[in-house]
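1. build me a model from this:
(4 chains)
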Protein chains: 4
Amino acid sequence: MTTHRFAPQRYHATLGAHAPVLRIAGGDTVVTTTVDAHGFDHENVHRGGDTNPMTGPFFVEGAGPGDTLAVTIRRIRMNRRMGWTRQGLAWNVVDPSRVRDMPAREKIFWSIEDNAGIIRLDNPPAALREWSVPLKPMLGCFGVAPAGGEFISTATSGHHGGNMDYNRFGEGATAYFPVAVEGALFCLGDAHAAQGDGEIAGTGIETSAEVEFSIEVKKGHAINWPRGEDAETIFTVGNARPLEQALQHATSEMLDWLRQDFGLDDAAASHLLGMHVRYDVANVFNPAYSVACRLDKQVLAAFVRRG
Amino acid sequence: MTTHRFAPQRYHATLGAHAPVLRIAGGDTVVTTTVDAHGFDHENVHRGGDTNPMTGPFFVEGAGPGDTLAVTIRRIRMNRRMGWTRQGLAWNVVDPSRVRDMPAREKIFWSIEDNAGIIRLDNPPAALREWSVPLKPMLGCFGVAPAGGEFISTATSGHHGGNMDYNRFGEGATAYFPVAVEGALFCLGDAHAAQGDGEIAGTGIETSAEVEFSIEVKKGHAINWPRGEDAETIFTVGNARPLEQALQHATSEMLDWLRQDFGLDDAAASHLLGMHVRYDVANVFNPAYSVACRLDKQVLAAFVRRG
Amino acid sequence: MTTHRFAPQRYHATLGAHAPVLRIAGGDTVVTTTVDAHGFDHENVHRGGDTNPMTGPFFVEGAGPGDTLAVTIRRIRMNRRMGWTRQGLAWNVVDPSRVRDMPAREKIFWSIEDNAGIIRLDNPPAALREWSVPLKPMLGCFGVAPAGGEFISTATSGHHGGNMDYNRFGEGATAYFPVAVEGALFCLGDAHAAQGDGEIAGTGIETSAEVEFSIEVKKGHAINWPRGEDAETIFTVGNARPLEQALQHATSEMLDWLRQDFGLDDAAASHLLGMHVRYDVANVFNPAYSVACRLDKQVLAAFVRRG
Amino acid sequence: MTTHRFAPQRYHATLGAHAPVLRIAGGDTVVTTTVDAHGFDHENVHRGGDTNPMTGPFFVEGAGPGDTLAVTIRRIRMNRRMGWTRQGLAWNVVDPSRVRDMPAREKIFWSIEDNAGIIRLDNPPAALREWSVPLKPMLGCFGVAPAGGEFISTATSGHHGGNMDYNRFGEGATAYFPVAVEGALFCLGDAHAAQGDGEIAGTGIETSAEVEFSIEVKKGHAINWPRGEDAETIFTVGNARPLEQALQHATSEMLDWLRQDFGLDDAAASHLLGMHVRYDVANVFNPAYSVACRLDKQVLAAFVRRG
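-> Below you'll find the predicted structure:
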């Protein structure tokens, strides 16, 4: 139950079997920092990479293929005042006939007012002068080394997690990843100060951060896609294009979860999901889209949870 | 401001320029009944059709092409105890490799306990014996006559509305439809006692209903896709396959709404949506899928609404 | 075995149960004319409509639900010199990041040199000054009244045929349509002087035409999607979005055909298709895309054809 | 202009910056062998891996980022008699409602009759007893190391090539790959004795092979997606899901090619493609689908080729 403080010296552009930077154990907590999506740190110094450079990997003792890694995000503190987005919306989230008239995708700057818990545009258009966004930090990209010897760009996502950009991966949430290699090799980065569904601006409010997380290993508990939970819900995340396939993966994974931990076979689970399921479009921008299949814990309160 | 009571004699399998059954005026209220998705009424007598037979059309005086029809769903009362769904999930919402092992799509019956506000499976599997679903009625299929002389099956949806199966179209919600023909020719049907996101069982809890709605005409206010609002949110609905296209339509329509009624150009609206947008997968089962683009009214409170 | 000459007086913007303009019998031939996709005739006079106005419908005696209508395109003669396309490519066939730099979608004019069998750009850019396109006429939009009382826009397609824009529907080809209403109610229009795969410019070379076709009824022979054949191949056409779904429909229909007429069950047909199938992207522009699943007759020569 | 004979000792499950097995130069030819898609060699001995194990990588002297690697497939000789496929079709190429009735996906064996130039099912169903498939060898999976430090599974494909399963990559074809790392690091494997469009059985006729290829480096000639040509056509290959995106990539790459080597700007190229383009569905089975955009050399004969 050690708390590690780790200051990263380098960052990775892929999730894969890179040499670990620290060995930690189940129950441990890590306090570390992440650079922003373009590799700039808390002093806005470029520290490497240009698409979601990762802090890590952390080697988790005892974690191996077929296990599940549980990562609880204890705290995400924005460690600099500046955040950025892009103007306009991603070309693929509006009608194709509309693309030519959308605003150019210039870089836009925001001020993160940590004490007030809000974020403001630095040069707002007149209509947005009074507008601010509640600070609600999240991790855009995190996960473990993929299976099969792959090293996968942090621009995208897959079974191993990665750039899911799901706004429920915030403070207090626990993420579950399928372990594919010895030590799991967990990495994290790409903190957002806030973000709506779908990451439709192509970014959240991108910034550097100090992050505290703790780790558990669920031995012999195999999952296929990332899962997560917070105080209110449990959810599964499918990562693929198109959206329909991401939704299929997330739904299939939820059927597995309901069978494994709640004792519901596919017929019973289908009745439950048919009436209670919620879907979140986590991101509809990255090379792989992410869709979450979600159930309220209130719905599940009637069932014994074994996992 | 008349209240009409209308007892339907026949039902339509398409939305189109059928002969109107009643002429009503802006401000009027209508109390009528709908049969279930297979055409059975409150006494479980088959009254016609087998896919979302429609009550109507209602000719709205003064409504014409280029106007918007606002329909407020005042009340949806389940007028029979029996509801039905299908077992298992739709083939297209789970991984293709999983389809062969899913439960067969048998018809399943439920009891609607109106007073208790819940619905129960008639023959639940053991694991679901204590489980009930809160009654939360909605209209699965409603809309106006399409443009261009089309008559479109009530199995699907489009600019004109139709079989959107969106669970926010419940009591208290107002739906907005683009008027394409003189009198708008509004129809309704396919009430569900409850339904999760996506209509992934291929049905809600299907039943007949008594429905009360009121009508307003917004003259000279043109929209392109259905819109809606309730106490908490405003939303737009895109109807198309695949999900990405439905999402593009909904997002584009929300940009229009924010410009028309809230004075936000595409650049300002993009900032707002990037941080606050919510997407709902209304249905991922029908020939056209439906995706809603949604904003909380709390977020919009800072802006003057003109529409 | 009558040959009818029919001069159309009006045109339809939908395929559906419009009043028939002529009654014909199996074995009959019809010579008639079609206006271009914007409703202009051989003298460039606007005769009605603006999206694929249809000549017809022709009532085919003896054709009813569950039968198949076979339409052989005997001849398509361009009856005017002017054809048109649009500049650039449809927004949805290039990378979204590229849309803003594509040429504007202006109307472009061509000269059809019927005797020479070629078509030339009227005002070619320098690089295309020597370039001409071989004349290869086809019907972009034709089909029968849909099932279920629908009237479907001629901008799109479905089980009933419609705007498939498949360049193999040219002279000598036979198209098969599932009959859904008494008399089948066959319509035709939207002739193209030439067109590549996918109709990626959003048009073929659009023009008016004189068309000669003959009709047969296959009683009690039910099909689900349009089929066709010419001297070299047989093919099925799936109409839907996205492309994957259109391909699924076409492949499923080919499995049906191979079972019905060639005695191959799904296992045998799968071996054959796995090694010999060809797919054509007929159109990737219209509201429903069209994909053809095709087999060479040479491959099928080894099997007895019963249909 | 050396000819190298290379006998592989190990195989890779990913395309990436593995240690090179041989250094070759522009103009050189290599004769080597590949194992089948499950890692079995010419004596049916398992030599490693289970999804398209790769022979290589070959380090090409002088090739670096921004260059193009041209690989001409001189010869593919099947070096064993046994080939295999799977029964039935991939679940995703037929209507979802049909999946449950399709044949189980058992492994099926074929005999490659090299001298006769045909392939026969070992245990054909009665209907296929006389049927044989012409031998038409191709490489299913080949390419270079991807950019950005990725190691990408040979089950899928991308900018770097990989598992495209395109039946035009046969004897006599030249493939072009964008070089992303020093030496390009070319790998090859997954030979098919024959395969229809789309690899819809989920396999071609999988076998081991002896392959002869020659290499050229096009210095300073940057491409974005794989390209290719044979005696009849030039083509570009987009690799992505869904099919529409793969088609967008391929079309965009063809616009680039027509500008770079044939002097056609987007407006001129659009006219040409609109009338002459052909699309091939190379594979609709792998994690990334592959679509080829193709032009006949006959069409291009009118233009001066500079590249």
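2. please name the bridge partners of A:S157.
-> A:G162 (DSSP bridges).
3. thought it was touching A:N286?
-> Yes - the pair A:S157 and A:N286 qualifies as a contact (CB atoms under 8 Å) at a distance of 6.5 Å. Where you see a C-beta, it was placed from the backbone N, CA and C, and this is true even at glycine.
4. show me whatever sits in contact with both of those two.
-> For the pair A:S157 and A:N286, residues contacting each of them under the criterion CB atoms under 8 Å, 6 or more residues apart in numbering or on different chains are A:N163.
5. which ones are touching the residue lying closest to A:K218 once chain neighbours are set aside?
-> Spatial nearest neighbour of A:K218, chain neighbours left out: A:T68 (4.1 Å); criterion: CB to CB, 6 or more residues apart in numbering or on different chains. Listed by CB under 8 Å, 6+ apart, the contact set of A:T68 reads A:Y176, A:F177, A:P178, A:V179, A:V217, A:K218, A:H221, A:A222, A:I223.
6. who's in contact with the nearest residue to the first one once chain neighbours are set aside?
-> What that stands for is A:Y176. Distance criterion CB to CB, 6+ apart; nearest residue to A:Y176, sequence neighbours excluded, is A:R227 at 4.1 Å. The contact partners of A:R227, by CB under 8 Å, 6+ apart, come to A:A175, A:Y176, A:I234, A:F235, A:T236, A:V237, A:E253, A:W257.
7. the helix or strand where the fourth one lies near chain B at all?
-> Pointing back at A:F235 there. A:F235 belongs to strand A:233-240 when assigned by DSSP states H and E. No - on the criterion CB under 8 Å from any CB of the partner chain, strand A:233-240 is out of touch with chain B, staying 9.0 Å away.
8. relative to that strand, what are the paired strands and their orientations?
-> Strand A:233-240 has these strand partners (DSSP bridges): strand A:227-229 (antiparallel), strand A:289-296 (antiparallel).
9. contacts for the last one?
-> So the one you mean is strand A:289-296. Counting by CB under 8 Å, 6+ apart, A:157, A:164-166, A:168, A:228, A:232-243, A:246-247, A:249-251, A:253-254, A:272-273, A:276-283, B:281 sit against strand A:289-296.
10. so after that strand, what's the next helix or strand?
-> Downstream of strand A:289-296 (by DSSP H and E), the next one is helix A:297-300.
11. and chain A, which of its residues are near chain D?
-> Residues of chain A lying near chain D (CB under 8 Å from any CB): A:13-14, A:16, A:148-153, A:240-242, A:245.
12. wait, isn't A:E130 in contact with B:V304?
-> No - taking contacts as CB under 8 Å, A:E130 lies outside contact range of B:V304: 11.2 Å.
13. so where do the helices sit in chain A?
-> Assigned by DSSP state H, chain A shows helices spanning A:243-262, A:266-276, A:297-300.
14. so which of these is nearest B:K136?
-> helix A:266-276 (9.2 Å; CB to CB).
15. what angle do that closest one and helix A:243-262 make?
-> 120 degrees (axes from the mean of the first three to the mean of the last three CA atoms, to 10 degrees).
16. can you list contacts of helix A:266-276?
-> A:251, A:254-255, A:258-259, A:264, A:293, A:295-296, A:299, B:85, B:87-89, B:101-103, B:108, B:121, B:124-125, B:127-128, B:131, B:133, B:194-196, B:200-201, B:203, B:205.
17. and that helix, which residues are buried?
-> A:D266, A:A267, A:A268, A:A269, A:S270, A:H271, A:L272, A:L273, A:G274, A:M275, A:H276 (16 or more other CB atoms under 10 Å in any protein chain shown).
18. and if you look at stretch A:98-109?
-> For stretch A:98-109, by 16+ other CB under 10 Å, it's A:R98, A:V99, A:M102, A:P103, A:R105, A:I108.
19. what does the stretch 51-200 of chain A put close to chain C?
-> Counting by CB under 8 Å from any CB, the stretch 51-200 of chain A sits next to chain C at A:W91, A:N92, A:P96, A:S97, A:V99, A:R100.
20. tell me the bridge partners for A:K107.
-> A:R86.
21. any idea how far A:D197 is from A:N167?
-> Note on A:D197: its distance to A:N167, by CB to CB, to the nearest Å, is 7 Å.
22. quick check: residues of the stretch 1-150 of chain A near chain B?
-> Checking the stretch 1-150 of chain A against chain B by CB under 8 Å from any CB, the hits are A:85, A:87-89, A:92-96, A:98, A:101-103, A:108, A:121, A:124-125, A:127-128, A:130-131, A:133.
23. tally of neighbours for the closest residue to chain D within the stretch 151-300 of chain A?
-> Closest to chain D within the stretch 151-300 of chain A is A:F151: 4.2 Å, counting by CB to the nearest CB. When neighbours are counted by other CB atoms under 10 Å in any protein chain shown, A:F151 registers 22.
24. and if you look at A:C141?
-> Neighbour tally, A:C141, other CB under 10 Å: 28.
25. what pLDDT is listed against it?
-> Looking at A:C141, its pLDDT stands at 98.
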